[in-house]
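Chemist: Give me coordinates for this.
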Amino acid sequence: MSLLSDNRIPPSTINDCIDILAYNDHLWEGFSPHQKDIMTVRSLSESQYAWTEKQAKLATSIVKRYKTLFQKFNINVDGLCDNPVYRDPFRVIDYEKSISIIDIDGEEHLRLKFPYDKKIIALVKNCRNKNNLPDSYFEYDGDKKLWVAKMTEVTVYYLTLIAIRYDFKFVTPELYDLFLEVKQERFVKNPGVYFDNTLKFTNTSESFNEYWKENYSKKSLIQQTDALKLFEFSIPKNLKSWYSDPIMSHKIATSRRDVYINKDKTRLQDLLVAMEDLDLFPCIVPVTGAISEPHELYEWKEWIDTIEQKYGNTKSMAFGFDVKQPTLPEQNKYSKNIDEVTMELADMENEEQQAMVDYQINYDLYLLTKTNKWIDENTKFIFVRNRLPRTLIKSGIKIKTALMSIGGGLWSPYGDLINTMVENCDKRMYYTSTSPITEDEADKI
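Modeler: I've put the predicted structure just below:
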């Protein structure tokens, strides 16, 4: 937790100093790290795990760099700079790479152990996605840095291939012999799909057929169509012509995973209807959280009013942050000599009335972000700023859609965990006035 206090309690660890640098700039005017350091500071502060020795040294160097800034705000960090103290023992990275067969509840599984490597992680995920395997076939233990996969011919073939390519240690030697058998017998046919009143698949694995039957067979045709892209199936041509009406849900379903929707041409009400039709909830909406211009305040009002009208209350939305409590606008002070007032009285009254309207909208939003924290299966929109709310993590809910709208822009300004969640969403949509992406990256509707 950051030390958000004007009492200037001396920090007891380097971690405390980093928390102060990360989140107190909006409380203390002028207290802010350089723009080039903000992402690094917040990444260190939001780390889910204990720091490695390398991270700790980086954090200490940053605190020393801003020692003068701390002193300016009566925060003494001299002792910590001379003799650093950390919140937790250093996390030691295990560089061993190994693959083995293990037993879990009477079923054989493959276990891969390796230090963080983007390329290997991408290959493991590709094994799942390319072969249309259910998510439940793969589990990742973040604390132990282990991947565990259900043992099938597909996982034996692909994961052993990865282990051979990247020089893994074979804890279970017979796994290599099993790999050679699978390789010799393996005959791959490209899976396909066609439309004959219903969706029908060819050359798909038994595991995929079971997964589709369990999770999608009872859904509407439009929802099944939208799901095809998750398994890298092309939409059959006769199915595309089936959706000839220019309905928003049809356009989204027959587009790619990333979609840009022009906010100036599409009503928010219509977008919500399409999301309902396609079963795209729950949806995470990263926002900046700051309200510096009147149009940003009214953008929030439009969202809240539309959601409330659609679902009858505001309980379908949750907030992972608080909006700063607004202050009442000052009333105009008139001098005794009315001739000296340069602004017409009527204009001044109108400005005061508008200021009160803006204040009330801002205050309602402030209360809403304070009270709407709970997240469960009924929550449709989850607004987040720079970190994931604990209620979302505890809920265990899988986010289906990431939506960029309020404030516009790209996903990058947000924390690593939010970026990871956005990256793993089944669908990403931009609902803004101008497209932040190119035609090569997404479909525009």
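
Chemist: Quick check: next helix or strand after the top helix by length along the chain?
Modeler: The longest helix of the chain (DSSP state H) is helix 345-371. If you walk from helix 345-371 toward the C-terminus, the next helix or strand you reach (DSSP states H and E) is strand 381-384.

Chemist: Need the contact partners of that next one.
Modeler: Residues outside strand 381-384 that contact it (Cβ atoms under 8 Å, 6 or more residues apart in numbering) are 281-287, 307, 316-321, 369, 375, 389, 392, 399, 406, 414, 418. For glycine as for every other residue, the C-beta is placed from the backbone atoms N, C-alpha and C.

Chemist: try 7 Å this time
Modeler: Residues from elsewhere that reach strand 381-384 (Cβ atoms under 7 Å, 6 or more residues apart in numbering): 282-287, 307, 316-321, 375, 392, 418.

Chemist: of all the residues you listed, which comes closest to residue 251?
Modeler: Distances from residue 251 to those, taken as Cβ to Cβ, are shortest for residue 283 (17.5 Å).

Chemist: Surely the closest one touches residue 380?
Modeler: Yes - using Cβ atoms under 7 Å, residue 283 makes contact with residue 380 at a distance of 6.5 Å.

Chemist: other SSEs contacting the longest helix of the chain?
Modeler: Packing contacts for helix 345-371, counted by 3 or more Cβ pairs under 7 Å, 6 or more residues apart in numbering; DSSP states H and E, involve helix 294-311.

Chemist: export the helix it packs on as CSV, just CAs?
Modeler: The C-alpha atoms that make up helix 294-311 are tabulated as CSV, following Å, rounded to 0.1, in the frame of the first residue of the first chain:
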residue,chain,number,x,y,z
PRO,A,294,-16.0,19.0,-19.1
HIS,A,295,-16.4,16.7,-22.1
GLU,A,296,-14.7,13.9,-20.1
LEU,A,297,-17.2,14.4,-17.3
TYR,A,298,-20.2,14.2,-19.8
GLU,A,299,-18.6,11.1,-21.4
TRP,A,300,-18.8,9.4,-18.0
LYS,A,301,-22.4,10.6,-17.6
GLU,A,302,-23.4,9.2,-20.9
TRP,A,303,-21.9,5.8,-20.0
ILE,A,304,-23.5,5.7,-16.5
ASP,A,305,-26.9,6.9,-17.8
THR,A,306,-26.9,4.4,-20.7
ILE,A,307,-26.0,1.4,-18.5
GLU,A,308,-28.6,2.4,-15.9
GLN,A,309,-31.3,2.7,-18.6
LYS,A,310,-30.3,-0.6,-20.1
TYR,A,311,-30.2,-2.6,-16.9
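
Chemist: quick one: the strands in this protein?
Modeler: Using DSSP state E, the strands of the chain run over 98-104, 107-113, 138-141, 146-150, 169-170, 192-195, 199-202, 258-262, 283-286, 317-319, 381-384, 401-404, 427-432, 443-444.
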